[in-house]
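Asker: Here is a sequence together with a model predicted from it:
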Amino acid sequence: MTDLVLFASKASRSLAGYWMLEELGIPYEVVDVDIRERKNREPEFLKINPSGRVPVVSVDGMVVSERPAICALLADRFGYGALAPKIDAKDRGPYLKWLVYATAVLDPAIAVRASHLDAPLRHTTWDSAQDAVDILDQALDGQEWLLGDQFTAADVAIGSVITMAQFNDLLPESQILDDYGNRLKARSAFQRAERLTWPPELFSS
Ligand SMILES: N[C@@H](CCC(=O)N[C@@H](CS)C(=O)NCC(=O)O)C(=O)O
């Protein structure tokens, strides 16, 4: 049996790791790296991920960090042809594009917007949050998921950024993304991942 470990912290971007694993429905172990207790800065974890960030997965001892890489690895290994389009499928290109777009463009654009930085984004390598929303609106207009009818790991990568931004009220307005967010949040795997990332006890004190 595959030895699958998720290094995760509550209330964090670990949502994407949980979500992928819950979509796949495979057994995995969780190592708690609570960022509020700075467990992510302990030497033992820095050996696993020198950037001290979560989520991280280990598949039979092969360690990968960065959400799109985690989504791609798990989908190819355990959901090939379903959560990951096959290597020669026509959707493989757009699939890879959206995986990368999630954290090379969308996440930093939202962070810049949230910081109220008047950054000259046209001179950076990513779009503004509004540009990114317009691009996603165009891609999702009239279809359920980024690649059409088939939900893929690209929806987990993009969707984990979108749903967190919506929760924190950081996204420019978009009816298409509101509807997409609602479809994502209706998935049982998302709901399980959300409960694991934000367990009820976080809100009890
Ligand atoms: N680019 C990384 C970002 C991951 C990240 O920044 N995670 C935050 C938690 S939301 C973290 O680990 N922060 C470490 C810290 O706060 O010290 C990814 O997409 O996986």
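Answerer: Right, received. Where do you want to start? Computed from a prediction, not measured in an experiment: that's the story for all the values here. Numbering: from 1, shown residues only.
Asker: What sits closest to Ile139 if chain neighbours are left out?
Answerer: To be clear, residue 139 is Ala; Ile isn't right here. Nearest residue to Ala139 in three dimensions, chain neighbours excluded: Leu146, at 6.0 Å (CB to CB, 6 or more residues apart in numbering). The way it works is simple: take the backbone N, C-alpha and C, and place the C-beta from them, glycine included.
Asker: My guess is Ala75 contacts Gly81. True?
Answerer: No. Counting by CB atoms under 8 Å, Ala75 sits too far from Gly81 to count as a contact (9.7 Å).
Asker: Give me the neighbour count for Val161.
Answerer: Neighbour count for Val161, taken as other CB atoms under 10 Å: 26.
Asker: For this structure, which segments count as helices?
Answerer: 15-24, 43-48, 67-78, 92-101, 107-114, 129-140, 153-167, 175-185, 188-197 (DSSP state H).
Asker: Output the ones you listed as TSV; include the columns mean pLDDT.
Answerer: Below are those laid out as TSV (pLDDT from 0 to 100):
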stretch	mean pLDDT
helix 15-24	98
helix 43-48	98
helix 67-78	98
helix 92-101	98
helix 107-114	92
helix 129-140	96
helix 153-167	98
helix 175-185	98
helix 188-197	98
